[in-house]
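Student: pasting the sequence and the predicted coordinates here, then a few questions.
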Amino acid sequence: MTTTSLAVLVPLLPFLGAAAGLLFGRTAPGFVRPFAILPTLAALALAVAVAAEQGGGAAIDAATELTPTGSVPIELALHIDGFAALVAVLVGVVATCVQIYSTGYLRDDPRYASYAALVSLFTSAMLLVVYSGDLIVLLVGWEVMGICSYFLVGHYWETPEARAASIKAFLVTKLGDVPFLIGLFVLAGDTGSFRITRILGAVAHGGLDHPTLIALLLLAGVAGKSAQFPLHTWLPDAMAGPTPVSALIHAATMVAAGVYFIARLLPVFEASQAAMVVLAVMAAVTMAGSGLAALAQDDIKRVLAYSTIGQLGYMTGALAVGDRGAAVFHLLSHGAFKALLFLAAGAVIHAAGTNSLAAMSRMGHLRDRVPDAYWTMTVALLALAAIPPFSGFFSKETVLGAAEHVVTGHTEHAPGAAGWIVLVAGLVTALLTAAYTTRLWLLAFRGHGTEAPDHGRQPLTMTVVLWVLAVPSLALGGLAYRLLPDWFDGLSLAPALTTSVLGTGVALVGGLLTYAAWRHTTARAARVPLGAVAAHPEGDAGLVEAEAIATHTPAYGDIAHAPDPADPGRLLLGPLHRHAAGGFHLDAVYHALFVRPVQAGASLVRFLDREVVDTYVRGAGALPSWLGAAVRRAQTGNVQTYVSALLAGTVVLAVAAVLVATGA
């Protein structure tokens, strides 16, 4: 079988598994798990075979015209270079792990069959995006992922949080998809093709007439799909879905699609210096803002969600300085340790038997309860904090090194301003990342919250997956930068000395400061009466109440719901904590700018429809009714009345005729 045939099967197999799961999930429940796992596992094996055949060398290209259009052709095309081959393997690994993990995590869920089918469809759509060589076909996978995220985030549709989160995710991403679609058509109009290879060839020969407009339109779609400022607000709320879905979205699908798209078409963005600076600013604001927000969250999954937003900011920052190899390298390593983080968090939640334990202020005594989650999550947190020799260190330092090359003038792929913006923001975010990862670890595993009831031993499928993902989280970075440079445009992936020292140094400072703050707040909490903490943890009960609402935590009428007085984030952020906990009130801004005007417009339309349009309609119906009533009154049924009226009419007509004749 040819490599092209194998590549076609990679997205096709999960699609067939999804179709089979939806068709036979209820009639043959015993086949649900095989339909979920085996096609995805087979797709992973084929993706590995395609990657081995591609080998980091020349891209594999194949195409056939999908349908005649009379103008710009639409082709069913494959374009598999080193980036595509490796990202497809990542998608296959994470999706397979999520499907296996879900068999234990959702074993008692009555809607598991539809859930597993949608996960397979999600995987198929992302693989289509990765391998596609035509932008219209890529757009199909792009939009299928959007609808899959809507259904999966809203899996627990009985809860208002899940319903609201699914709608928000769909609407916010669609807000970016509208200009994205326009940008695709403008790009095709300038280059005469939707085919990626032809577009890149046209760009190389100066074939873009509107480079800045195209780049900015496309960036809107990327910001929505990859949760970048200012369209990132949907991702933290999407934590209302099942935890394995969060792992899939954050590690290998959906949010990775935007970063991968820019990496595919980076020369299009490099054609506009202004667009590169905008991309750098977007990345910088995303990185720093998400780091501050993560440091203030109480829900463990929301911390990880803001973490994903920040790490995606590193990837877009690498693209802003013209190094797609660094961006995809960090995408790969991040996919491994972020999937592990979410699945380990799911193990913690599963052990308690309730999602309420996601609040870190209520966690306690978990190290001995879930040892597998404890050790594997520790590995993943060290990778996230970019502590050597874990994988995140190598990939994050590659991003910082790429920014340094622009600053020092070693590359001209991006303006110097973009390099400075990404480098400074990257170092600040490295400090914040180490701070919130240390805080998460301390509160989750060394906190003093209430101990939840023990719900038994973790299913083996969940535990095995954690240890499988711990391996690349520990070793992927160190192996990749030595073995895979040919897959990344031939550029070195080795960390630079200057940025390695700076990045590791600020990370250690962030971790140590957080630990010191935790020790200080723990000692202070030990001296404060428990009731006083519940009612007045920082001298302002109203402030705490507002923070509880902003961070989606329950009001604390009892001490079990109170925020942990030993939370170092409160001490480190000070008065900024309230704003960071609420995502800097961006949702409130959107509500004022978009939701209220739309609601006001809808109210006006409803008023006009009811009071104006309906009035005319009712009037048009009333007039014939009145005429009919008048005519009906004349129909008395009395023959004498009819004869009298006839005679009177005859007299009137006769008189009229005489008058006319006399006048004539």
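Tutor: Perfect, thanks for sending it.
Student: can you give me the helices in the stretch 501-650 of the chain?
Tutor: Remark: helices assigned in the stretch 501-650 of the chain by DSSP state H, counting those that start in this stretch are 530-535, 541-550, 568-573, 577-581, 586-590, 596-607, 614-634, 639-663.
Student: which one, of those helices, ends up nearest to I199?
Tutor: Ranking the helices of the stretch 501-650 of the chain by proximity to I199 (CB to CB) places helix 586-590 first, at 33.2 Å. Quick note: C-beta positions are derived from backbone N, CA and C, even for glycine.
Student: how distant is the closest one from the center of its chain?
Tutor: Chain-centre distance of helix 586-590: 18 Å, with CA atoms, centre = their mean, to the nearest Å.
Student: what about the helices of the stretch 501-650 of the chain, which gets the closest to V130?
Tutor: helix 586-590 (30.6 Å).
Student: ok, and what's touching that closest one?
Tutor: P230, T233, G582 (CB atoms under 8 Å, 6 or more residues apart in numbering).
Student: pick the most buried one from the helices of the stretch 501-650 of the chain.
Tutor: Stretch with highest mean neighbour count among these: helix 568-573 (a mean of 23; mean count of other CB atoms under 10 Å).
Student: which other helices and strands does that one contact?
Tutor: If you count contacts as 3 or more CB pairs under 8 Å, 6 or more residues apart in numbering; DSSP states H and E, helix 568-573 packs onto helix 273-296, helix 416-446, helix 497-527, helix 577-581.
Student: now these as a markdown table including distance to V48 and mean pLDDT?
Tutor: Listed next are the helices and strands packed on helix 568-573 as a markdown table, based on distance: least, CB to CB, whole Å; pLDDT from 0 to 100:
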| stretch | distance to V48 | mean pLDDT |
| --- | --- | --- |
| helix 273-296 | 31 | 96 |
| helix 416-446 | 31 | 94 |
| helix 497-527 | 31 | 90 |
| helix 577-581 | 42 | 92 |
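Student: what's the closest of those to P110?
Tutor: Closest to P110 of the helices and strands packed on helix 568-573, according to CB to CB: helix 416-446, at 30.0 Å.
Student: can you give the contact residues for the helix or strand just after that closest one?
Tutor: Downstream of helix 416-446, the next assigned helix or strand under DSSP states H and E is helix 460-483. Identification of contacts with helix 460-483 by CB under 8 Å, 6+ apart yields 93, 97, 100-101, 103-105, 329, 332-333, 336-337, 339-340, 343-344, 346-347, 350, 372-373, 375-376, 379-380, 383, 389-395, 398, 492-495.
Student: filter the residues you listed down to the buried ones.
Tutor: 93, 97, 100-101, 103-105, 329, 332-333, 336-337, 339-340, 343-344, 346-347, 350, 372-373, 376, 379-380, 383, 390-395, 398, 493, 495 (16 or more other CB atoms under 10 Å).
Student: what average pLDDT does stretch 170-190 get?
Tutor: Confidence for stretch 170-190, expressed as mean pLDDT, is 94.
Student: gap between it and the chain center?
Tutor: So, by CA atoms, centre = their mean, the centroid of stretch 170-190 is 17 Å from its chain's centroid.
Student: mind listing what's buried in that stretch?
Tutor: For stretch 170-190, by 16+ other CB under 10 Å, it's 170, 172-173, 175-177, 179-184, 186-188, 190.
Student: same check, this time on stretch 400-419
Tutor: For stretch 400-419, the neighbour count (16+ other CB under 10 Å) marks 400-407, 411, 413-415, 418-419 as buried.
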